[in-house]
Structures are given as structure tokens and as C-alpha cells.
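Participant: Turn this into a structure:
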Amino acid sequence: MKKFLTVVMMLGLVQSCGSSESSSSATSNILQGDGWDVTGSPYMLPPGSTISVCNTDKTAVSSYVLDAVRLWLDAGGRDERIRVIEGCKATRVIHLNKLTQDVDFYGRAFPISGNVHNIDVPSQWAGHWTANHEIGHVFGFAHIFNGVISIMNSDDNGKYMNGGYLSDYDYSEIKRMLNQSSFKAVNALWAKKPVAVRPLSAPTPVRKGKSCLGADEVTIYADKTVTTYQGSTFTCDDGLWIRG
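Facilitator: Below you'll find the predicted structure:
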């Protein structure tokens with residue numbers, strides 16, 4: 001019975017995505033056509049950009065999606081100079097659309113519209129498996145049906161979707177994408193190491209001298225005050241009266 005349920009789950013996950021990501025060529029698993037273009041990949045973002053996950057529909061998957069974005073960024077050599085946050089304003093926004101109707105897929109990603117990537121989230125979303133797979137589409141990768149062990153694999157290769165994690169094949173495909181001429185300029189920006197900024201040392205606090213008590217034992221004179229008393233000149237010096 002357990003084996004039967006596993007098979008059923010695998011068959012269901014084969015249909016993990018909707019038709020919006022079905023466009024791919026016979027020779028490449030990089031999405032092209034039907035609104036998809038490699039220049040829409042978040043790998044095109046320069047250092048200093050921000051990617052946010054907009055969860056206004058209150059889905060239960062935003063943490064998985066945030067982790068997935070970081071996973072794919074790191075795999076492409078995009079470090080913390082791109083911030084990944086939860087919110088609805090950023091250089092790029094990934095909007096999660098909660099589906100309440102019955103559908104036959106686990107998740108669905110759409111081509112970029114303006115600066116927004118839309119992802120449909122049905123009730124059968126499968127944790128990090130679906131998040132890592134759908135964000136793979138957001139970064140510009142299509143389904144693979146050739147038995148290669150990959151997070152984007154959409155048939156049973158003996159290790160379905162590589163457990164939902166990136167494989168050596170996925171890393172090689174990311175590298176292949178980034179080697180395209182479209183990425184030459186932004187790759188040059190990422191190749192520049194951030195300049196280490198030495199923190200400014202705190203200024204040495206200026207010590208204020210103590211005030212002096214007047215002869216009437218009531219009046220207070222600030223430090224460095226010069227006054228006369230009984231025909232002599234006195235200077236307040238750190239709480240002491242100095243004559244002369």
C-alpha cells in the first residue's frame with residue numbers, strides 16, 4: 001500500500017506545473033518563448049537589488065519561497081548583495097497567488113510582468129519540493145524529460161526532482177545560462193568584489209572640567225571661568241580655583 005501511495009504521489013508531482021512553463025526547446029531546458037525570455041531572469045539583477053516575496057493572499061509557503069530564491073541566487077554566485085525579503089516592494093517581486101479551486105498541479109509560475117513574477121499556490125503545494133522547482137522557472141529554467149537528475153526534472157528518473165534540491169546538472173545549467181552573452185555586463189558587476197569600508201573610529205570624548213563653587217558657597221562657576229575675589233584673580237581649573 002505504501003509503495004502504491006508513493007507511485008501515486010510521483011505521478012501527481014509529474015504534473016507539478018501548469019502550462020505556463022511548458023515552453024522549452026528540444027535541445028535546451030532554458031525557458032524561451034510564450035512570454036519567457038532569459039533576460040527576465042533574476043540573475044540579470046545587479047548588486048544592490050532586492051527581491052521580495054509578496055504574500056498578501058496569506059499562503060503558508062512564503063518561507064519555502066524565500067529559501068528557494070536564496071538557493072538559486074547562491075548557485076549563480078549572487079551573494080548577499082541581493083537582499084531577499086518578505087514584502088511587496090522591491091526591484092523584483094514574487095507574488096504568491098492562493099488558489100482555492102481544484103487544480104491538477106502543485107504550483108505554477110508565470111513569465112515576468114513588469115517587475116513581478118506570479119506564482120500560483122494550490123492546496124497541494126509540496127513544501128520545498130515545489131518552491132525550489134517553481135523558483136527554478138522564475139530564474140528561467142524549463143522542465144526536463146530526459147532522465148537527468150535535476151530539481152527541474154518532470155519524470156521519474158529514479159530520484160524524482162533530486163529530492164527537491166539542486167544537482168550537479170542544475171549547477172552546470174546555471175553556469176551555461178550565465179555564459180550567454182546577455183549576462184556579460186551584469187557578470188562583470190558581480191565579479192567586482194565589494195570594497196571593504198573601514199568603520200570610522202569613534203571620536204575621543206572631550207572631557208568637561210569640573211565646575212567651581214564660589215566663595216558664597218552657592219554660586220557655581222563653569223570650568224575655565226576667570227573672576228576676581230578680594231583683589232586677586234582666580235581661574236576655575238577642573239574644580240579648583242587657581243590664583244594668578
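Participant: Residue 39 falls within a helix, correct?
Facilitator: Yes - using DSSP: H, G, I helix; E, B strand; the rest coil, the secondary structure at residue 39 is a helix.
Participant: what about it, neighbour count?
Facilitator: By the criterion of other Cβ atoms under 10 Å, residue 39 has 11 neighbours. No exception for glycine: its C-beta is placed from N, CA and C like everyone else's.
Participant: And residue 184, by the same measure?
Facilitator: 10.
Participant: Could you identify the helix or strand that succeeds the stretch of helix or strand it belongs to?
Facilitator: Here residue 184 is covered by helix 184-191, with elements defined by DSSP states H and E. The element immediately downstream of helix 184-191 (helix or strand, assigned by DSSP H and E) is strand 212-213.
Participant: Show me what that next one is packed against.
Facilitator: Under the contact criterion of 3 or more Cβ pairs under 8 Å, 6 or more residues apart in numbering; DSSP states H and E, the helices and strands touching strand 212-213 comprise strand 220-221.
Participant: For the strand it packs on, name the packing helices and strands.
Facilitator: Other elements packing on strand 220-221 under the criterion 3+ Cβ pairs under 8 Å, 6+ apart are strand 212-213.
Participant: Give me the sheet partners of the strand it packs on and which way each runs.
Facilitator: Strand 212-213 has these partner strands in its sheet, going by DSSP bridges: strand 220-221 (antiparallel).
Participant: what does the strand it pairs with contact?
Facilitator: For strand 220-221, the surrounding residues in contact (Cβ atoms under 8 Å, 6 or more residues apart in numbering) are 211, 212, 213, 214, 227, 236.
Participant: Quick check: residue 90 touching residue 42?
Facilitator: No - look at residue 90 against residue 42 with Cβ atoms under 8 Å: they stay out of range, at 10.6 Å.
Participant: When those two are compared, which one has more neighbours?
Facilitator: Between residue 90 and residue 42, counting by other Cβ under 10 Å, residue 42 is the more crowded of the two (23 against 20).
Participant: list the contacts for the more buried one?
Facilitator: Contacts for residue 42 (Cβ under 8 Å, 6+ apart) come out as 51, 69, 72, 73, 78, 82, 92, 138, 139.
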